[in-house]
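Novice: Got a sequence here, can you build the structure:
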Amino acid sequence: MESTKAKIEALKKLIKEQSQVHQSLLKQLGDEKKKHQQSLVDKQNLEIEVIQLNEQVKTIKLAQAIQGSDDQSTVELKNQINRYIREIDKCLQLINSD
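Specialist: Numbering: from 1, shown residues only. Got it, this is the predicted structure:
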């Protein structure tokens, strides 16, 4: 009988230890989920920043094309204006379709 009690106590001790390990792992998992969420937010912010910077580059190129007088700058300017006009036309079509 003493052997059975000892086995039960050993099992209780093992269960308690494993429960503590489990709780520790759950906490670590929660921390990692928070880090992952923050990484997703950071990534989204960086994507927005990239889009904004690309728009700034387009604006700078357009301004340089306006200031420049060579044929290439003029062609780039006309192409950019045509792209803007097409984009505005698409927006107007969307507005009119509602």
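Novice: Show me what the lowest-mean-pLDDT helix or strand in the chain is packed against.
Specialist: The least trusted helix or strand in the chain, going by mean pLDDT, DSSP states H and E, turns out to be helix 71-97, with a mean of 83. The contact analysis (3 or more Cβ pairs under 8 Å, 6 or more residues apart in numbering; DSSP states H and E) places helix 71-97 against helix 2-67. C-beta here means a position set from N, CA and C on the backbone, and glycine is covered the same way.
Novice: chain center to the helix it packs on, what's the gap?
Specialist: 13 Å (Cα atoms, centre = their mean, to the nearest Å).
Novice: how far off helix 71-97 does it point, in degrees?
Specialist: 120 degrees (axes from the mean of the first three to the mean of the last three Cα atoms, to 10 degrees).
Novice: just checking, what packs against helix 2-67?
Specialist: By 3+ Cβ pairs under 8 Å, 6+ apart, helix 2-67 packs against helix 71-97.
Novice: How many residues are close by Trp76?
Specialist: Check again: residue 76 is Glu, not Trp. Residues lying near Glu76 (other Cβ atoms under 10 Å) number 17.
Novice: what's the answer for Lys33, then?
Specialist: Count around Lys33 with other Cβ under 10 Å applied: 10.
Novice: Please report how far it lies from Glu49.
Specialist: Lys33 sits 25 Å away from Glu49, going by Cβ to Cβ, to the nearest Å.
Novice: Any regions of the protein where pLDDT drops low?
Specialist: Filtered on pLDDT under 70, the chain yields the residue ranges 1, 65, 68-71, 73, 98.
Novice: distance between the least confident helix or strand of the chain and the chain's centre?
Specialist: Distance of helix 71-97 from the chain centroid (Cα atoms, centre = their mean) equals 29 Å.
Novice: Please shift the residue numbers so they start at 2 in all later answers.
Specialist: Okay, using 2 as the starting number, the last item reads as helix 72-98.
Novice: Do I have it right that Lys59 meets Asn80?
Specialist: No. In this structure Lys59 lies outside contact range of Asn80 using Cβ atoms under 8 Å: 11.5 Å.
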